[in-house]
Structure formats: C-alpha cells, structure tokens
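Undergrad: no sequence on this one, just coordinates:
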C-alpha cells in the first residue's frame with residue numbers, strides 16, 4: 001500500500017476533523033504528529049504482553065485524568081501516528097483510511113485516560 005506523505009497527513013487531518021464535537025472541544029495542549037516509524041524508546045514503552053506486530057501510534061503525555069490543579073505547566077502532549085506501520089498492515093486504501101481513523105481515536109482515548117482494555121478496538 002502506498003500513500004505519499006502529503007496524502008497521509010490529509011487523511012490524519014480528516015480523521016481529526018471528523019471527531020465528534022463533544023470530544024474535539026475537550027482537546028487541550030495536544031499535538032497530533034505523523035512520524036514515519038516508531039523510535040526505539042516508543043517500542044520500549046510498550047507493555048511486554050502486547051501482541052501487536054506493529055506500533056501504529058503512541059500517546060506521549062499525561063492523561064487528563066492524572067492531572068492535578070497544581071501541576072507545573074506542561075509541554076504539549078503528543079500523539080504520534082506512524083505512517084510506515086499503518087501502510088504495512090493495510091492491503092487497500094480503504095483499510096489504511098480506517099486504520100488511520102482508529103489509531104487517532106485509540107490514542108486520543110489514552111489522552112482521556114482510557115487503557116487499552118477499556119477501548120473497543
């Protein structure tokens with residue numbers, strides 16, 4: 001599956017634009033970025049019991065449910081969407097689009113404090 005960088009970025013932006021307003025309005029100080037591949041640190045951060053062959057995205061930050069009123073100002077949280085792994089597991093353009101959307105939503109779930117077991121996908 002081949003989707004060039006500008007088109008992949010547009011698909012991520014579309015996934016964000018399609019978020020229900022009630023969730024999109026709650027996003028604060030979070031950047032969603034596209035990276036080609038996860039770093040070694042990203043892979044090390046995974047649970048040892050993870051059965052995923054590819055890391056499609058990662059949330060880097062402090063979930064809103066773990067923040068307290070007297071915390072020092074934080075750098076923006078980051079959600080990284082990994083282009084290489086998503087394209088490797090997608091056989092069709094439709095699968096890639098669906099995977100991008102699911103990955104964006106999944107990582108935003110971590111931003112809101114949900115664990116993998118709490119999410120539908």
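TA: Received it, and whenever you're ready, just let me know what you need. No experiment lies behind these values; they were computed from the predicted model shown. Numbering: from 1, shown residues only.
Undergrad: and residue 70, what pLDDT?
TA: The pLDDT attached to residue 70 in the predicted structure is 68.
Undergrad: typo on my end, it should be residue 114
TA: 83.
Undergrad: Share the number of residues neighbouring it, please.
TA: Per other Cβ atoms under 10 Å, the neighbour tally for residue 114 reads 14. All C-beta atoms are positioned from the backbone trio N, CA, C, and that covers glycine.
Undergrad: Please report how far it lies from residue 39.
TA: If you measure residue 114 against residue 39 using Cβ to Cβ, to the nearest Å, the figure is 23 Å.
Undergrad: Same check on residue 31?
TA: From residue 31 to residue 39 the distance is 16 Å (Cβ to Cβ).
Undergrad: same check, this time on residue 78
TA: 12 Å.
Undergrad: More neighbours: those two, which one.
TA: Shown here are residue 78 and residue 39; by other Cβ under 10 Å, residue 78 has more neighbours (16 against 13).
Undergrad: So what pairs up with that one in the strands?
TA: Judged by DSSP bridges, the bridge partners of residue 78 are residue 31, residue 60.
Undergrad: name the element the residue most central in space within the chain belongs to?
TA: Centroid-nearest residue in the chain: residue 107, 3.6 Å away (criterion: Cα atoms, centre = their mean). Take DSSP states H and E as the rule and residue 107 turns out to sit in helix 93-111.
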